[in-house]
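> For reference, the sequence and a predicted model appear below.
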Amino acid sequence: MLRGGGYIAIFCCISVFGFSQSTLQDFLTPSDSLNISRRNTVVISEVALASAALIGLNELWYADFERSKFQTINDNAEWLQMDKVGHVFSAYQIGRQGANLLHWSGVSKKDQLLYGATLGFGFLTAVEVLDGYSSEWGFSWGDIGANALGTGLYISQELFWDEQRIDVKFSFMPTKYADLRPDKLGASFLEQVLKDYNGQTYWLSCNAHAFFKDSKIPRWLNIAFGYGGEGMLSGIEVADNQLLTKNQRYRQYFISLDVNLTKIRTNSALLKSIFNIFNMIKVPFPSLEINKNGAVFHLLR
């Protein structure tokens, strides 16, 4: 089960904290040495927010479903693996923000990766345990593997390149499928963003200049490769057939351009912070989609 967008919003709130301070520029500028006050604020805030989120989920979300003994499930074949890609995205982005916050605190690079980049994996694993005690879901090793992949993608790039040359990003377009099954795919727009896998696209956004340092390619220009799914009203195709739908589910592969907001030059610490947060969203560009039915051009995707 994935509620990734909500998780990321929680942790991004820490990044936004302090935007109204009088010494905004100094406050948002990363410390060049360990700032114990900042570090303690980050750690306490993260623990408090994560605890509140887990308690809230346990009391509000899971309270609507019968509790059970701890159980595991194999849901790897569901939703054309869109939920698993979503876990990769969530673990990567939460870990990225966790590392950035420790960088802001002046924590060493080693500790940024050890305690910050693993934040997404730790939090999502705790949520997975709650799933394991719910009769509606179960503990999914597939989800754990996807969480580890997202965390590993961030850490490995920092170790090999000392930068993020490949970002995991997200985009969403409303679809007709949510109206056919709003209870499963979401009734409101926000619910659909989180639940309607038909409208979600996950991207590997590669910074071209980072791979060709001596080129004249703009530093902010990325090439993005996307993955999505279409025609899904439930997790598995058999269930769709029971709903008497004529929709055919299929995978979608995209290629497009993107903007790396963190590479836009600015002296404003506020803008840098905003760019850092919103860099998880792919900037719409013309895109080419390839699926089993052929190729489709999208003006914006």
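Noted; the coordinates are in hand. Numbering: from 1, shown residues only.
> show me where pLDDT drops low in the stretch 201-301 of the chain?
Residues of the stretch 201-301 of the chain meeting the criterion pLDDT under 70: 239-245.
> residue boundaries of the helices in it?
208-211, 237-242, 269-278 (DSSP state H, counting those that start in this stretch).
> Mind checking those helices for the one nearest to residue 72?
Between residue 72 and the helices of the stretch 201-301 of the chain, the shortest gap by Cβ to Cβ is with helix 237-242, which sits at 20.5 Å. In this view, the C-beta of every residue, glycine as well, is placed from N, C-alpha and C.
> list the buried ones in stretch 54-67?
57, 62 (16 or more other Cβ atoms under 10 Å).
> distance between the ends of it?
16 Å (Cα to Cα, to the nearest Å).
> what does stretch 265-282 give?
19 Å.
> cool, and stretch 66-78?
Note: stretch 66-78 ends 22 Å apart using Cα to Cα.
> returning to what we had before: with mean neighbour count as added columns, please give the helices of the stretch 201-301 of the chain in CSV.
Output for the helices of the stretch 201-301 of the chain, formatted as CSV (neighbours: other Cβ atoms under 10 Å):
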stretch, mean neighbour count
helix 208-211, 16
helix 237-242, 14
helix 269-278, 17
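> Which one, of those, ends up nearest to residue 92?
Using Cβ to Cβ, the helices of the stretch 201-301 of the chain put helix 269-278 closest to residue 92, at 13.9 Å.
> Output the contacting helices and strands for that closest one.
On a contact count with 3 or more Cβ pairs under 8 Å, 6 or more residues apart in numbering; DSSP states H and E, helix 269-278 meets helix 4-16, helix 24-28.
> Among those helices, show the one with the smallest mean pLDDT.
Lowest mean pLDDT within those: helix 4-16, at a mean of 50.
> before we move on, back to that, in TSV: the helices of the stretch 201-301 of the chain, plus distance to residue 75.
Below are these laid out as TSV (distance: least, Cβ to Cβ, whole Å):
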stretch	distance to residue 75
helix 208-211	35
helix 237-242	13
helix 269-278	30
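> Out of these, which is closest to residue 141?
helix 237-242 (21.9 Å).
> Share the number of residues neighbouring residue 141, please.
Close neighbours of residue 141, defined as other Cβ atoms under 10 Å, add up to 13.
> before we move on, what about residue 116?
When neighbours are counted by other Cβ under 10 Å, residue 116 registers 25.
> hang on, it packs against residue 105?
No - judged on Cβ atoms under 8 Å, residue 116 makes no contact with residue 105 at a distance of 9.3 Å.
> immediately after the helix or strand where residue 159 lies, which helix or strand?
Per DSSP states H and E: residue 159 is located in helix 141-161. With elements assigned by DSSP H and E, the helix or strand that comes after helix 141-161 is strand 166-172.
> pLDDT at the residue lying closest to residue 174 once chain neighbours are set aside, what is it?
Once flanking residues are discounted, residue 174 sits nearest to residue 199: 5.7 Å by Cβ to Cβ, 6 or more residues apart in numbering. As predicted, residue 199 sits at a pLDDT of 97.
> cool, and residue 58?
In the prediction, the pLDDT value recorded for residue 58 is 78.
> got the contact list for it?
By Cβ atoms under 8 Å, 6 or more residues apart in numbering, the contact set of residue 58 is residue 130.
> sec struct for it, please.
helix (DSSP: H, G, I helix; E, B strand; the rest coil).
> Residue 148 versus that one, what's the distance?
For residue 58, the distance to residue 148 equals 24 Å [Cβ to Cβ, to the nearest Å].
> before we move on, what about residue 87?
Per Cβ to Cβ, residue 87 is found 9 Å from residue 148.
> Please, where are all the strands along the stretch 201-301 of the chain?
If DSSP state E, counting those that start in this stretch is used as the criterion, the strands of the stretch 201-301 of the chain fall at 221-230, 250-259, 287-291, 294-298.
> Okay, now the sheet partners of the first one, with direction.
I take that to be strand 221-230. Paired neighbours of strand 221-230 in the sheet (DSSP bridges): strand 200-207 (antiparallel), strand 250-259 (antiparallel).
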